[in-house]
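*Asks:* I would like the atomic coordinates for the input below:
(one chain, ligands or ions: 1)
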Amino acid sequence: MKLQGKTAVITGAASGMGKEMALLFAKEGANVIVADLNGDAVNEVVRQIADNGGQAKGVIANVTKEDDAAAMIEAAVQSFGRLDILVNNAGIMDQMMSAEAVTDELWYKVMEVNVTGPMRAIRKALPLMTRQGGGVIINTASVGGLHGSRAGMAYTASKHAVVGITKNVGFQYGKLGIRCNAIAPGAVATNIGTGITQPDPFGLEQAMAGMALQRTEAGDPKQIASVALFLASDDSSFVNGTVVVADGGWSAY
Ligand code: NAD
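*Replies:* This is a model prediction of the structure:
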């Protein structure tokens with residue numbers, strides 16, 4: 001087992017990629033804090049892990065709230081005595097709003113969840129990891145964090161910021177034994193699309209233009225969880241401050 005004895009906090013762990021990461025990390029021996037806004041779904045993931053003989057604790061947490069971010073990190077220490085792995089995975093889309101259509105409200109909401117959330121959790125986790133002599137941070141970015149038109153402007157900017165956070169933390173804390181990497185998934189079949197209720201027609205058309213370049217079906221969230229396992233484990237001990245793209249080759253063109 002690749003994560004035996006480790007403790008991991010995973011945000012957005014009640015659905016999609018975060019859920020698959022929680023199930024896989026527990027299967028690989030980790031104690032998992034399943035953190036998410038959605039309490040019922042959190043309980044279901046914790047139940048599934050327990051049914052499979054794993055260890056998990058659920059924390060209902062909104063990553064945009066300082067107290068909630070602190071509570072999920074503290075839960076790792078209180079329940080399992082330490083924190084080895086933090087996965088900042090919770091994220092939301094932006095209705096594909098183009099630059100002229102984005103509202104202040106949407107802009108700040110996307111930035112709060114996708115950028116401020118990871119910042120708060122990382123800020124809380126680093127002193128603990130430093131005291132322990134090391135740790136691993138994984139951020140779920142997106143190919144939208146590396147390219148210009150995979151979504152609207154706010155989502156694109158937010159995921160570019162996640163890549164910036166990843167490089168900054170990876171470099172500055174590497175000498176303290178802490179690695180920080182991001183995953184940039186392409187299109188993956190999860191529930192994230194259900195949030196796209198009133199897309200901006202122009203922004204949507206611009207973002208969809210590149211879909212013709214996809215050479216595979218949408219990915220399975222399990223395919224992203226296995227990348228996260230690689231980054232969480234010692235198999236990736238020399239990988240730091242970088243972004244692993246998992247998009248079936250979409251962005252290779
Ligand atoms: P999902 O909607 O299936 O899961 C996201 C989870 O995050 C949900 O359980 C939701 O309740 C939770 N969440 C949302 N806001 C939160 C908050 N403020 N606090 C705590 N939890 C919150 O989506 P997913 O596709 O699995 O998304 C996971 C990550 O992957 C996101 O960061 C997303 O931007 C990124 N991503 C998704 C795709 C894709 O095609 N699905 C592609 C690239 C990147």
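
*Asks:* tell me the secondary structure at the closest residue in space to residue 79 that isn't next to it in sequence.
*Replies:* Spatial nearest neighbour of residue 79, excluding adjacent residues (Cβ to Cβ, 6 or more residues apart in numbering): residue 57 at 4.8 Å. C-betas here are computed from N, CA, C, even on glycine. Following DSSP: H, G, I helix; E, B strand; the rest coil, the label given to residue 57 is strand.

*Asks:* enumerate every residue touching residue 57.
*Replies:* The contact partners of residue 57, by Cβ atoms under 8 Å, 6 or more residues apart in numbering, come to 31, 32, 33, 34, 46, 75, 79, 80.

*Asks:* what residues does the stretch 151-253 of the chain have near the ligand?
*Replies:* In this structure, the stretch 151-253 of the chain approaches the ligand at residues 185, 187, 188, 190, 191, 192, 221, judged by Cβ under 6 Å from any ligand atom.

*Asks:* pull out the buried residues from the residues you listed.
*Replies:* 185, 187, 188, 190, 192, 221 (16 or more other Cβ atoms under 10 Å).

*Asks:* doesn't residue 250 make contact with the second one?
*Replies:* Yes: because the distance of 7.4 Å satisfies Cβ atoms under 8 Å, residue 187 is recorded as touching residue 250.

*Asks:* what's the burial count for the residue lying closest to residue 3 once chain neighbours are set aside?
*Replies:* Spatial nearest neighbour of residue 3, chain neighbours left out: residue 30 (3.9 Å); criterion: Cβ to Cβ, 6+ apart. A count of neighbours around residue 30, defined by other Cβ atoms under 10 Å, yields 30.

*Asks:* so how many other residues sit close to the closest residue to the ligand within the stretch 51-200 of the chain?
*Replies:* In the stretch 51-200 of the chain, no residue comes nearer to the ligand than residue 91, which is 2.1 Å away by Cβ to the nearest ligand atom. The tally of other residues near residue 91 (other Cβ under 10 Å) stands at 26.

*Asks:* how about residue 198?
*Replies:* Residue 198 is flanked by 8 other residues according to other Cβ under 10 Å.

*Asks:* show me what secondary structure element comes after the helix or strand that contains residue 229.
*Replies:* Taking DSSP states H and E as the definition, residue 229 sits inside helix 221-232. Using DSSP H and E, the helix or strand that directly follows helix 221-232 along the chain is strand 243-246.

*Asks:* list phi and psi for residue 215.
*Replies:* The phi/psi pair for residue 215 (degrees, to the nearest 10) reads phi -110, psi 10.

*Asks:* next one: the nearest residue to it once chain neighbours are set aside from residue 209, what distance?
*Replies:* Spatial nearest neighbour of residue 215, excluding adjacent residues (Cβ to Cβ, 6+ apart): residue 249 at 5.5 Å. Using Cβ to Cβ, to the nearest Å, we find residue 249 at a distance of 18 Å from residue 209.

*Asks:* how about the helix or strand where residue 122 lies: buried residues?
*Replies:* In this assignment (DSSP H and E), residue 122 forms part of helix 117-132. The neighbour-count check on helix 117-132 (16+ other Cβ under 10 Å) flags 117, 118, 119, 120, 121, 122, 124, 125, 126, 128, 129 as buried.

*Asks:* swap in stretch 53-67?
*Replies:* For stretch 53-67, by 16+ other Cβ under 10 Å, it's 54, 56, 57, 58, 59, 60, 61, 62, 63, 64.

*Asks:* adding pLDDT, write those residues out as a markdown table.
*Replies:* Converted to a markdown table, the buried residues of stretch 53-67 look like this (pLDDT from 0 to 100):
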| residue | pLDDT |
| --- | --- |
| 54 | 98 |
| 56 | 98 |
| 57 | 98 |
| 58 | 98 |
| 59 | 98 |
| 60 | 98 |
| 61 | 98 |
| 62 | 98 |
| 63 | 98 |
| 64 | 98 |
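
*Asks:* with respect to residue 16, which of those is nearest?
*Replies:* Residue 16 lies nearest to residue 63 out of the buried residues of stretch 53-67, by Cβ to Cβ, at 14.9 Å.
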